[in-house]
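Engineer: Structure, please.
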Amino acid sequence: MNTNELFYALLKERELPSNLPELRQILADENRQKELDALAQAFDCQIIYARSKVYLLPERDNDILGYSKAALKKRLLKNGQGVVFYYLYMFIILTLLDEFYGTSYGQGKTRPYIQVGNLMNHVHENLQKGAARDNAPAQVPYQKMLDQYESLKAELGKKEKNSRAQLFEVALRFLEEQRLIIRLEENDSIRTTQRLDDLADYVLRSSQGYELMMQILGGEEYAEA
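Structural biologist: Take a look at the predicted model:
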């Protein structure tokens, strides 16, 4: 298998096992690995080399292989929801990452699972803390998010319209479709996939990825939304 064929396989599957013989041959050759990385860049992607797998990730605003910001809003927002709901979806996802990995990453994954009810409580608590902060980033509309969140019905039924449960259902279903989480119906809990573990490890260990995460938590992502 040559470099082009391997990249096509990676483009098709989005991930390949690191112990794949053809992949190991390419990674053992610095020039061929550079060719593989160059192909990814040509498609506006980057390759993440994790322990057990290699991942092809679209760059931000690659709306062919991934989601542009506008496409992501279109995917998440339902029935005329305003931009504050987009902020809430991003905040739910960031809170989930923080619960599993922590923003002061260093010890790896911190828990095997979290129940959806606990995640909902933590999101509400974090919104309240953010709204109460005197030094909260000006770009992050904590008070608007908190007001919108508390205006939603507290009923737990996932199909209940205009409810907090429905808000979480949309965010978690999106993460499921991206093969990042597994939901266990028997105890209404969430587990992360190996894919999310690997990508979170890359984001939080690399200086560039960690900087991006801090930008998001610091408010730049909200300001640009």
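Engineer: from here on, contacts and neighbour counts on C-alpha atoms
Structural biologist: Fine.
Engineer: Is residue 53 in contact with residue 16, as I believe?
Structural biologist: Yes - with contact defined as Cα atoms under 8 Å, residue 53 reaches residue 16; the gap is 5.5 Å.
Engineer: who has more neighbours, the two?
Structural biologist: More crowded of residue 53 and residue 16, by other Cα atoms under 10 Å: residue 16, with 19 against 16.
Engineer: who's in contact with residue 193?
Structural biologist: Residue 193 makes contacts with 179-182, as judged by Cα atoms under 8 Å, 6 or more residues apart in numbering.
Engineer: Emit the ChimeraX select command for whichever of the residues you listed are buried.
Structural biologist: A single ChimeraX command selects the buried members of the contacts of residue 193 (16 or more other Cα atoms under 10 Å):
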select :180,181,182
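Engineer: Format the contacts of residue 193 as CSV; extra columns: distance to residue 43 and pLDDT.
Structural biologist: Listed next are the contacts of residue 193 as CSV, based on distance: Cα to Cα, whole Å; pLDDT from 0 to 100:
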residue, distance to residue 43, pLDDT
179, 22, 91
180, 23, 92
181, 26, 96
182, 29, 97
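Engineer: which one of the contacts of residue 193 is nearest residue 200?
Structural biologist: Nearest to residue 200 out of the contacts of residue 193 is residue 180 (Cα to Cα; 10.2 Å).
Engineer: Could you measure from the spatially closest residue to residue 149 that is not a sequence neighbour over to residue 6?
Structural biologist: Once flanking residues are discounted, residue 149 sits nearest to residue 164: 7.0 Å by Cα to Cα, 6 or more residues apart in numbering. With distances taken as Cα to Cα, to the nearest Å, residue 164 is found 44 Å from residue 6.
Engineer: So the residue nearest the centre of the chain: helix, strand or coil?
Structural biologist: With distances taken as Cα atoms, centre = their mean, the chain has residue 93 as the residue nearest its mean C-alpha position (6.3 Å). Under DSSP: H, G, I helix; E, B strand; the rest coil, residue 93 falls in the helix class.
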